[in-house]
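1. Curious how this folds, go ahead:
(chains A and B)
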There are 2 protein chains.
Amino acid sequence: MIKKFNEFDIISRYFAPLARDYPGALGLTDDAALIKPIVGHDIVVTTDILVAGVHFPELATPETTASRVIGCNLSDLAAMGATPLAFVLASAWPNTISEDWINSFSLSVGNISSANQITLIGGDTVATKGPMSHTVTAFGTVPSGFALTRRGTKPGDQLFVSGTIGDSALGLLAIKGKLTHAADQDIKTLVDRFRNPLPRLILGKALRGVASSVIDISDGLVQDLSHIARASHVSFEVEYSKIPVSMAARNISSISPDLKNYIFSGGDDYELAFTVSQDYMVEFKRIRESLDVPVTEIGYATEGDGDVNLRDTDGSKIRLEVAGYRHVFGDK
Amino acid sequence: MIKKFNEFDIISRYFAPLARDYPGALGLTDDAALIKPIVGHDIVVTTDILVAGVHFPELATPETTASRVIGCNLSDLAAMGATPLAFVLASAWPNTISEDWINSFSLSVGNISSANQITLIGGDTVATKGPMSHTVTAFGTVPSGFALTRRGTKPGDQLFVSGTIGDSALGLLAIKGKLTHAADQDIKTLVDRFRNPLPRLILGKALRGVASSVIDISDGLVQDLSHIARASHVSFEVEYSKIPVSMAARNISSISPDLKNYIFSGGDDYELAFTVSQDYMVEFKRIRESLDVPVTEIGYATEGDGDVNLRDTDGSKIRLEVAGYRHVFGDK
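-> You can find the predicted model right below:
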């Protein structure tokens, strides 16, 4: 027989300890939490829902679930150039969840929070008959006027991405058992990229006052670039051969010709894509050399209104079937 | 045939217009939103998930859904004495949702926001195979050090509630078709209390610096009072006959002997329960007379550690089977 437990048990046993050191969290025992703002700084607010079976596999471990739930919000803070501060976590748990699962999940949430200097300060816990879902609303701080947005790119600005692109989407494919002919080591590398996204917080902060636009790649490179292109009223020329791809992904491309699609439209890498104008290039080079983060130039902005033009190695235009992930409604 | 639409259509067509006048919302086109804090004020943060079939009926109208989703967060701000500022809305929609439904929902969200001087500044939109759910994280401001909590009650403090208690729970019962012998007018009154909760924002603000503890009644009077009792390390003596009950609820009590249970354990009234020490009674009386909000004294705090003792009209102790709503896990 499984011992029953309720929402107040969950909060006091597993989540209140994570909030212990933040006075404004009021021990997770009150109607709300308090944030004391820093003079001269704005508060950056981002929210994401992650649903089991959509944003992480239904059978994902507590560790992977925590890592993705917290990671995607930290990545949004990184894209704004924000310093992480605090977050609230609203979880809908299936009635059948075990206390062990929640315990492991909360421990991982605590570890990821500590590693990224962000603190749980509040939340909500409900039961659902549907799939598990977690909504994190995360807060960061940024000196007033220095938040990085998507709307500052001008024609001529150069386009960069951090890290390597497409790994996470291939990792998810591997988890689903669809990369059967790949080498074990490559699978391990890619799956790890999916399981443990690495928000680019240090890079994001360093780009304050230097990058003209920044976005984190969550829906797929092309779709996310088109968000910058539309918000900034420019278009992008992107060279396929310049897009940084990991060795593991390259190895797999020899057995899966669809690799291009995963690079262009696979989301969840949580790398940053950003533009820098020629005026800030000297400053940017200095930053680039001082940081231990790989950054690659992949194209540039042109006059235009929201197009992302992909060029193959021979200069021909690449056409994509699917540009990125989007939730679709109106099915009956 | 139903026309398909995606998350970006939903955001730009229905939600971006609600955020138009708040510059920090960045037109709902960016990774995050910006809040510019007020010097000398703290930011109050509260988050609630509402799941269809749990927190509102699966077949609730878009208007009722919006009213409950926004209302319960405003009520948390009221309980902290906060002035509403902004909120983010993370919605998981079933794939089968129609654009009309979302349109009506967004219009109601806009109306309720305007009426309470709070603005949508961000959110997330995903598809789910489970029931619809909405997570609101709401922000308010309060002069630093003046937030109302649950931890300030001392033995001897008097206990008050606003409005009438139990109406909303009876309203939900009526919606479920379980109040068949009641008069139409009573049903209408009670259902309206469920559908359109009235967050007590003006009262909450007025209680700053005066009430020793405040909570909003969302899980049921007894359970919510026990939250104050535990956080403040006191117990409460509550007189049943003093608890304010509406005429509609009284009329129904003559045909439903379970009324007491609905008054003690029915949640969702979103009234405030609060304590005031003798030292602030003069100031409190002045506030009480100046506000157009009914407030009733129902008991007092004693030495103790978290008990809520209910006394019947003859002074005998009332025992309750169910003290309030709580989400329970560990079913198999």
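
2. For the rest of this, base every contact and every neighbour count on C-alpha atoms.
-> Noted.

3. And the pLDDT at residue A:257?
-> Listed pLDDT for residue A:257 reads 61.

4. How about stretch A:223-235 and chain B, touching?
-> Yes. Stretch A:223-235 is in contact with chain B by C-alpha under 8 Å from any C-alpha of the partner chain, via A:227, A:231.

5. Identify the residues contacting that stretch?
-> A:150-155, A:213-218, A:236, A:265, A:273, A:301-309, A:323-324, B:29 (C-alpha atoms under 8 Å, 6 or more residues apart in numbering or on different chains).

6. try 6 Å
-> Surrounding stretch A:223-235, the residues in contact under the criterion C-alpha atoms under 6 Å, 6 or more residues apart in numbering or on different chains are A:150-153, A:217, A:301-308, A:323-324.

7. And for stretch A:174-190?
-> Residues contacting stretch A:174-190 (C-alpha under 6 Å, 6+ apart): A:167, A:171, A:248.

8. pretty sure residue A:231 is in a helix, no?
-> Yes. Assessed with DSSP: H, G, I helix; E, B strand; the rest coil, residue A:231 lies in a helix.

9. related to what we said a few turns ago, which ones among the contacts of stretch A:174-190 map onto helices?
-> For the contacts of stretch A:174-190, the ones inside helices are A:167, A:171, A:248, with DSSP state H as the criterion.

10. Can you get me a residue count around the closest residue to the last one other than its chain neighbours?
-> Right, residue A:248. In space, and not counting its chain neighbours, residue A:248 is closest to residue A:186: 4.7 Å by C-alpha to C-alpha, 6 or more residues apart in numbering or on different chains. Using other C-alpha atoms under 10 Å in any protein chain shown, residue A:186 has 19 neighbouring residues.

11. go on, the one 4 residues further on?
-> A total of 23 residues lie near residue A:190 under the criterion other C-alpha under 10 Å.

12. mind listing the strands in the stretch 201-332 of chain A by residue range?
-> Using DSSP state E, counting those that start in this stretch, the strands found in the stretch 201-332 of chain A span residues A:213-216, A:234-239, A:272-276, A:295-303, A:308-311, A:328-329.

13. how about the ones you listed in CSV, adding mean neighbour count and distance to residue B:125?
-> Shown next, in CSV, are the strands of the stretch 201-332 of chain A (neighbours: other C-alpha atoms under 10 Å in any protein chain shown; distance: least, C-alpha to C-alpha, whole Å):
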stretch, mean neighbour count, distance to residue B:125
strand A:213-216, 30, 17
strand A:234-239, 23, 26
strand A:272-276, 26, 22
strand A:295-303, 20, 29
strand A:308-311, 20, 24
strand A:328-329, 21, 10
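
14. Please produce JSON lines containing these, extended by mean pLDDT.
-> As requested, the strands of the stretch 201-332 of chain A are exported to JSON lines (pLDDT from 0 to 100):
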{"stretch": "strand A:213-216", "mean pLDDT": "97"}
{"stretch": "strand A:234-239", "mean pLDDT": "96"}
{"stretch": "strand A:272-276", "mean pLDDT": "98"}
{"stretch": "strand A:295-303", "mean pLDDT": "98"}
{"stretch": "strand A:308-311", "mean pLDDT": "93"}
{"stretch": "strand A:328-329", "mean pLDDT": "73"}
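
15. Where does pLDDT dip in the stretch 201-332 of chain A?
-> A:255-257, A:321-325, A:330-332 (pLDDT under 70).

16. Repeat the analysis, applying 80 as the threshold.
-> A:253-264, A:267, A:319-332 (pLDDT under 80).

17. ok, now the stretch 1-150 of chain A?
-> Those would be A:1-4, if you go by pLDDT under 80 across the stretch 1-150 of chain A.

18. which parts of the stretch 1-150 of chain A sit against chain B?
-> Within the stretch 1-150 of chain A, the positions near chain B by C-alpha under 6 Å from any C-alpha of the partner chain are A:2, A:4-7, A:31-36, A:42-48, A:76, A:95-96, A:98, A:123-124, A:126-127, A:130.

19. Do a quick rundown of the helices in the stretch 1-150 of chain A.
-> A:7-10, A:62-79, A:99-115 (DSSP state H, counting those that start in this stretch).

20. and residue B:60, which of these is closest to it?
-> helix A:7-10 (24.8 Å; C-alpha to C-alpha).

21. Send over that closest one as CSV, restricted to the C-alpha atoms.
-> Extracted in CSV, the C-alpha atoms of helix A:7-10 (Å, rounded to 0.1, in the frame of the first residue of the first chain):
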residue,chain,number,x,y,z
GLU,A,7,0.0,19.3,-1.1
PHE,A,8,1.1,20.7,2.3
ASP,A,9,3.3,17.7,3.0
ILE,A,10,5.0,18.2,-0.4
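
22. How about residues contacting it?
-> A:125, B:327.

23. one more time with 7 Å, if that's ok
-> A:125-126, B:326-328 (C-alpha atoms under 7 Å, 6 or more residues apart in numbering or on different chains).

24. By neighbour count, which of the residues you listed wins?
-> residue A:126 (22 neighbours).

25. so that one touches residue B:327, yeah?
-> Yes. Applying C-alpha atoms under 7 Å as the test, residue A:126 and residue B:327 come out as touching, 5.7 Å apart.

26. thinking again about what came up before, so for residue A:104, which of the strands of the stretch 201-332 of chain A sits nearest?
-> strand A:213-216 (27.9 Å).

27. Direction included, what does the closest one pair up with?
-> strand A:272-276 (antiparallel) (DSSP bridges).

28. Put the alpha carbons of the partner strand into CSV.
-> Provided in CSV are the C-alpha atoms of strand A:272-276 (Å, rounded to 0.1, in the frame of the first residue of the first chain):
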residue,chain,number,x,y,z
LEU,A,272,22.0,32.0,-27.7
ALA,A,273,21.7,33.5,-31.2
PHE,A,274,22.6,37.2,-31.3
THR,A,275,23.7,40.1,-33.5
VAL,A,276,26.4,42.6,-33.1
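
29. Give me the distance between the two termini of stretch A:292-309.
-> 30 Å (C-alpha to C-alpha, to the nearest Å).

30. Quick one: distance of that stretch to the chain centre.
-> 19 Å (C-alpha atoms, centre = their mean, to the nearest Å).

31. and for that stretch, what are the contacting residues?
-> A:154-163, A:222, A:225-226, A:229-230, A:233-239, A:242-244, A:317.

32. Buried subset of the contacts of stretch A:223-235 as a ChimeraX selection?
-> Of the contacts of stretch A:223-235, the buried ones go into a single ChimeraX selection, burial set by 16 or more other C-alpha atoms under 10 Å in any protein chain shown:
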select /A:150,151,152,153,217,301,302,306,307,308,323,324
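
33. of the contacts of stretch A:292-309, buried ones?
-> Using 16+ other C-alpha under 10 Å, the buried members of the contacts of stretch A:292-309 are A:154-163, A:222, A:225-226, A:229-230, A:233-239, A:243-244.

34. check contacts around the residue of the stretch 101-250 of chain A found nearest chain B.
-> Going by C-alpha to the nearest C-alpha, chain B is nearest to residue A:130 of the stretch 101-250 of chain A, at 4.3 Å. By C-alpha under 7 Å, 6+ apart, residue A:130 lies in contact with A:94, B:130-131.

35. Next: residue A:106.
-> With C-alpha under 7 Å, 6+ apart, residue A:106 has these contacts: A:14-15.

36. quick one: it from residue A:134, how far?
-> Distance from residue A:106 to residue A:134, by C-alpha to C-alpha: 12 Å.

37. Please apply the same query to residue A:12.
-> 18 Å.
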